[in-house]
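> Build me a model from this:
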Amino acid sequence: MEYVYAALLLHSAGKDVTEEGIRNIVTASGVAADDVRIKALVAALEGVDITAVLSQAAAVPVAAAAAPVAAATATAAAAPAAEEEEESKEAAEESGVEGLGALFG
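The predicted model follows:
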């Protein structure tokens with residue numbers, strides 16, 4: 001994760017995301033830099049418009065936050081209906097038991 005943060009820091013500063021830049025930031029933070037991970041990240045980011053990706057990523061949390069709210073609302077609306085259904089089943093069972101009691105008196 002620290003490698004991605006380093007790449008974002010370089011991008012935010014207006015500098016090119018390079019292996020050397022990421023290595024310098026990671027090393028300065030006190031973490032031992034892994035050259036393989038750095039090379040893989042730089043290769044993966046090659047040709048990627050980081051600004052466009054960040055602008056799209058900013059919209060995702062808003063949509064993702066709305067989904068649990070909608071699900072919770074639907075669940076809350078369904079809960080009373082389920083309770084009413086259970087109560088009606090219990091009432092039907094009780095009346096059936098009472099009827100059997102009358103048979104065997």
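
> contacts and neighbour counts: CA atoms only from here.
Fine.

> can you map out the helices along this structure?
For the chain, helices defined by DSSP state H occupy the ranges 2-12, 19-28, 35-45, 50-104.

> least reliable of those going by mean pLDDT?
Lowest mean pLDDT within the helices of the chain: helix 50-104, at a mean of 63.

> list the contacts for Val42?
Val17, Thr18, Glu19 (Cα atoms under 8 Å, 6 or more residues apart in numbering).

> what's the spacing between it and Ala58?
If you measure Val42 against Ala58 using Cα to Cα, to the nearest Å, the figure is 22 Å.

> likewise Glu46?
Per Cα to Cα, Glu46 is found 21 Å from Ala58.

> Please apply the same query to Ala7.
The separation that Ala7 has from Ala58, given Cα to Cα, amounts to 17 Å.

> repeat for Val4
Using Cα to Cα, we find Val4 at a distance of 16 Å from Ala58.

> higher neighbour count, the two?
Higher neighbour count among Val4 and Ala58: Val4, with 15 against 10, using other Cα atoms under 10 Å.

> From Thr18, how far out is the more buried one?
From Val4 over to Thr18 (counting by Cα to Cα), the distance is 12 Å.

> For stretch 1-11, list every residue counted as buried.
Using 16 or more other Cα atoms under 10 Å as the test for burial, stretch 1-11 gives Tyr3, Ala6, Ala7, Leu8, Leu9, Leu10.

> of all those residues, which comes closest to Val53?
Proximity of the buried residues of stretch 1-11 to Val53 (Cα to Cα) peaks at Leu8, which lies at 11.3 Å.

> check contacts around the closest one.
Leu8 touches nothing, counting by Cα under 8 Å, 6+ apart.

> Domain boundaries for this structure, per the record?
Following automatic domain parsing, one gets these domains for the chain: 1-48, 64-105.

> who's in contact with Arg37?
Tyr3.

> what separates it from Val31, distance-wise?
As judged by Cα to Cα, Arg37 and Val31 stand 13 Å apart.

> what do you get for Gln56?
Using Cα to Cα, one gets 30 Å for the distance from Gln56 to Val31.

> do the same with Ser12
As for Ser12, its distance to Val31 is 21 Å (criterion: Cα to Cα).

> Since that was my last question, I'll sign off now.
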